[in-house]
Structures are given as structure tokens and as C-alpha cells.
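Q: would you be able to build a 3D model of this:
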Amino acid sequence: MNPVIRTVISVLLFFSLACMLLLTAGILPGFEQSLLSLLPGSDPLSAIQIGHPGSFLHIMYILFSSLSLFSGILLFLAFKKTTSPEILYLIIAVLSLTMIGLRYPLLLAALNPDLLLSSRLSGHIDLITRLFFFFYMFSISLLFLGGMFSNGIPLLKQNMFILVSFFASSTLAMLVPLNAVEILAGNPALLSFSGILVSSIRIIELFACLNYLIAAKRNNNTQYILPAVGLLLLFVGLEVFTSLPYPLFMVVGLILYGSGLLIFTNRIYTINLWN
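A: This next block holds a predicted model:
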């Protein structure tokens with residue numbers, strides 16, 4: 001593991017732990033109060049409320065971020081001596097996905113119009129949304145670029161690809177026009193976000209899966225098909241979890257995400273071990 005990758009992992013680990021601390025402690029600025037102010041109503045999203053209003057969202061996002069964080073740490077400890085860029089990129093991507101927890105305060109705000117339109121909080125909504133999209137895009141773009149190495153890209157390109165992924169993701173997330181407050185006020189689902197950001201996410205996810213199907217044909221090795229299946233499950237799980245904040249869909253999304261991560265990790269490790 002070269003110094004650049006080790007530094008990136010260390011920085012992401014710091015941010016991931018900070019995100020988990022904020023989620024579990026419930027001290028995301030200004031949003032803890034929203035747990036008390038949310039009341040069951042006619043909004044269809046009131047179905048997420050179990051016991052204390054907002055508690056189901058809180059628990060699910062803690063579970064998702066915990067799964068990503070501990071998976072990233074376990075992968076790092078298990079493969080810290082590996083030179084496989086697919087596995088190294090996977091570690092970075094999984095730690096980045098811990099930051100999906102940033103979606104939690106956005107959903108809480110969407111469920112409480114007074115919070116969403118509050119002058120004290122509305123200025124932070126756009127920034128949190130952009131950070132959410134940055135970490136989302138950074139992670140899936142690395143999963144896409146990792147597949148390029150299975151198609152013959154030299155290992156020496158791994159540091160350059162990380163920089164490309166970082167600057168491309170940050171440029172799109174920070175510079176693309178985004179009316180987050182208006183969109184959340186109408187519909188808090190991620191699928192309601194249209195335009196370059198969400199279209200880019202869908203395209204990257206598609207080509208990340210195709211990468212391994214191409215690798216299967218190029219290397220005449222059907223083992224590469226299962227990593228494609230694992231990535232597909234992982235991406236579908238992410239989409240379902242972040243886009244449909246209802247109990248059944250969030251549980252299904254979490255299961256699909258965990259299953260896809262397990263399948264992808266196992267197959268990539270097996271392929272690298274075989275090679």
C-alpha cells in the first residue's frame with residue numbers, strides 16, 4: 001500500500017469516524033431538535049416513524065454507516081499489504097460510503113418544512129447535499145476505475161486515478177447548479193434530484209458493472225461475472241436505501257448493499273489470489 005493510498009484511507013477514516021460520532025450522538029447541528037418536532041401526519045413518509053418520530057431513520061442510517069465503516073476497517077486490516085488496486089479502491093470506496101449518513105439530516109429537514117425553510121439551517125442544506133453527492137460519486141467512480149485494472153490498465157496508474165476521481169467528483173458536486181432546498185421541499189427522495197449529478201451517478205454505476213463483464217470476455221474468465229453481480233446488488237441497494245425512505249425499502253436496500261459488498265469482495269479476492 002503506497003503512501004498516497006494510505007493517506008487517503010487515513011483521511012477518510014477520520015471523516016467516517018466523525019460522521020458516525022455525529023450520527024450516534026445525535027448532535028448534527030440543529031437537527032436533534034427535529035426529532036422532537038416531527039409529528040405523524042398525512043405525509044406518506046410518516047410511515048418511517050416507529051415509536052419516537054424519526055427514530056427509524058436514525059437507526060437505519062446508523063446501521064448503514066456502521067456497516068460501511070466497519071467493513072472498510074476490516075478490509076484495511078485484512079488487505080493492508082495488498083497491491084491489488086481493485087481491493088485498495090474498494091477500501092476507499094466503502095469508507096467514503098460511510099458518509100451516506102449525511103443524507104439523514106437532509107431527510108429530517110425534508111420531513112419538517114419549518115426546519116427546511118429556517119434561515120438558520122437553509123444555508124447549510126445546499127452544502128450538506130453537495131458533500132453527500134461528492135462522497136457518493138467519489139466512491140462509485142473508484143469502483144468503476146478499479147475495474148479498469150482488470151482490463152489491463154497498468155498498476156502504476158492507481159494514484160493518478162484516485163486524483164482523477166477526486167477532482168471529477170468534487171467539480172461536479174460543488175459546481176453544478178443545485179436547488180437542494182426547493183427539491184427537498186417538494187420530494188425528499190434522491191430520485192427526485194434530476195440533472196447532471198444524478199445522471200452521472202447512474203452512468204458510472206452502469207459502466208462499473210460493465211467493466212467486469214468486459215473483463216470476463218477479455219480474460220476469458222467467467223469469474224469476473226460475479227464481481228459485476230456484486231456491484232449491481234451494491235448499487236441497487238444504495239439507490240433503494242437513499243431514494244425510498246420507507247421501512248421495507250430501507251431494510252431491503254441495506255441487505256442488498258451488504259450482500260453486494262460481500263459478493264464483490266469475496267470474488268475480487270479470489271480472482272487476485274488465483275492470479
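
Q: in the stretch 51-200 of the chain, which spans are helices?
A: Taking DSSP state H, counting those that start in this stretch, the helices of the stretch 51-200 of the chain run over residues 55-79, 85-97, 103-111, 113-116, 119-149, 158-175, 180-186, 196-218.

Q: redo these as CSV? Include distance to residue 233, mean neighbour count and mean pLDDT.
A: Placement of C-beta: from N, CA and C, glycine included. As requested, the helices of the stretch 51-200 of the chain are exported to CSV (distance: least, Cβ to Cβ, whole Å; neighbours: other Cβ atoms under 10 Å; pLDDT from 0 to 100):
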stretch, distance to residue 233, mean neighbour count, mean pLDDT
helix 55-79, 14, 19, 89
helix 85-97, 14, 26, 93
helix 103-111, 20, 24, 75
helix 113-116, 33, 16, 60
helix 119-149, 12, 21, 84
helix 158-175, 22, 16, 90
helix 180-186, 28, 17, 61
helix 196-218, 10, 17, 90
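
Q: okay, those helices in a markdown table with distance to residue 237 next?
A: Formatted as a markdown table, the helices of the stretch 51-200 of the chain follow (distance: least, Cβ to Cβ, whole Å):
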| stretch | distance to residue 237 |
| --- | --- |
| helix 55-79 | 9 |
| helix 85-97 | 10 |
| helix 103-111 | 14 |
| helix 113-116 | 27 |
| helix 119-149 | 12 |
| helix 158-175 | 20 |
| helix 180-186 | 22 |
| helix 196-218 | 11 |
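
Q: out of those helices, flag the one nearest residue 13.
A: helix 85-97 (6.1 Å; Cβ to Cβ).

Q: give me the residues contacting the closest one.
A: For helix 85-97, the external contacting residues (Cβ atoms under 8 Å, 6 or more residues apart in numbering) are 1, 5, 8-9, 12-13, 16, 68-69, 71-72, 75-76, 79, 82, 135-136, 138-140, 142-143, 145-147, 149-150, 155, 158, 161-162, 238, 261, 264-265, 268-269, 272.

Q: again, but for stretch 69-77
A: With Cβ under 8 Å, 6+ apart as the contact definition, stretch 69-77 has outside contacts at 9, 12-13, 16-17, 20, 87, 90-91, 94-95, 98, 261, 265.

Q: ok, now stretch 8-26?
A: Under the criterion Cβ under 8 Å, 6+ apart, residues 1, 28, 32, 35, 58, 61-62, 65-66, 68-69, 72-73, 76, 91-92, 95-96, 98-99, 101-102, 104, 162 lie in contact with stretch 8-26.

Q: and that stretch, what's buried?
A: Going by neighbour count (16 or more other Cβ atoms under 10 Å), the buried part of stretch 8-26 is 8-9, 12-13, 16, 19-20, 22-23.

Q: and the residues you listed as a markdown table, adding pLDDT?
A: As requested, those are arranged in a markdown table below (pLDDT from 0 to 100):
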| residue | pLDDT |
| --- | --- |
| 8 | 90 |
| 9 | 91 |
| 12 | 91 |
| 13 | 90 |
| 16 | 89 |
| 19 | 83 |
| 20 | 83 |
| 22 | 77 |
| 23 | 78 |
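
Q: what about stretch 95-110, start to end distance?
A: 26 Å (Cα to Cα, to the nearest Å).

Q: for residue 215, see how far away the residue positioned nearest the centre of the chain is.
A: Among the residues of the chain, the one closest to the centroid is residue 97, at 3.4 Å (Cα atoms, centre = their mean). Note on residue 97: its distance to residue 215, by Cβ to Cβ, to the nearest Å, is 23 Å.
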